[in-house]
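J.: let me see the structure of the following:
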Amino acid sequence: MLTTIDELTAAQKAGVQTLFAMTNEAVSGFEKLAQLNLRVLRDGTQRAMDALANGEAPGIAAASRGDLSVIERAALYNRQVFDIFAGTQAAIVRHATAQYEKQIGTVQAELGDAAQRAPAGAEVAVTAMNSAITAANAFYESVWKTVQQAVQTAESNVNVMTRSATSGSHAA
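T.: Next up is the predicted model:
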C-alpha cells in the first residue's frame, strides 16, 4: 500500500487535482448555462421591443400572426440545456473514471506485490482481496452502464420532444 510520505503525498495530490478538474468542469457548465440564459433573455427582450416599436403587444402580435416559433424556441432551449448538462456530466465522469482506474491499478499492483511477499498460507486472504476488487469493479461497471443508459434515454426523449414540438409548430 502507500508506504512512504512521497507516495501518500502523490496520491493526495492526484485526488486534489481530480477534484479541481471536476470542479472546473462544473463551473464551465454553469457558465455555459448562464450564457444561454442571457442570450435567450436578450433575444426575447429584443422581440418584445420590436413588437412594441411596431405598436403591437408582444404576445398578442405573435399569436395573431400564427407565429408558433415560441414552441420551437422552447424546444431548442431545452435541447441546449440538456446538451450543456450532458456534456458537463460526461466530462466530470471522465475525470472520476480516470482517477478510479488509476487507484484500482495501484491497489491491484500493491496487492500483487503483497501476495509475492506474503508468507505461506496467505493465498486465501489474497484470493479474497482479489475477489473483492473484482466484485467492486463489476459493480462500478454496472452502475456506469446504467448511468449511460439513463443519459441515452433522456437524450432520446429530448430529441423526440424537440422533433414533435418542431413538427407540431410547422403543422399549425
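J.: how close does the residue lying closest to Ile84 once chain neighbours are set aside get to Ala86?
T.: Counting by C-beta to C-beta, 6 or more residues apart in numbering, the nearest residue to Ile84 once its immediate chain neighbours are dropped is Lys32, at 4.8 Å. In short, each C-beta sits where N, CA and C put it, glycine included. Note on Lys32: its distance to Ala86, by C-beta to C-beta, to the nearest Å, is 12 Å.
J.: rewinding a little: for the residue nearest to Ile84, grab the count of nearby residues.
T.: Other residues within reach of Lys32, judged by other C-beta atoms under 10 Å, total 17.
J.: now it: which helix or strand?
T.: Secondary-structure element containing Lys32, defined by DSSP states H and E: helix 5-53.
J.: all the strands of this protein, in order from the start?
T.: Assigned strands in the chain: none (criterion: DSSP state E).
J.: any regions of it where pLDDT drops low?
T.: Confidence mapping of the chain against pLDDT under 70 gives the ranges 1-3, 58-68, 162, 165-172.
J.: kindly recompute the last result at 50.
T.: Residues of the chain meeting the criterion pLDDT under 50: none.
J.: for the most centrally placed residue in it, what are its contacts?
T.: Against the mean C-alpha coordinate of the chain, by C-alpha atoms, centre = their mean, the closest residue is Gln89 at 0.8 Å. Counting by C-beta atoms under 8 Å, 6 or more residues apart in numbering, Gln89 touches Val151.
J.: now do stretch 135-155: distance to the chain's middle.
T.: Taking the mean C-alpha point of stretch 135-155 and that of its whole chain, the gap between them comes to 13 Å (C-alpha atoms, centre = their mean, to the nearest Å).
J.: before I go, just wanted to say thanks for your time.
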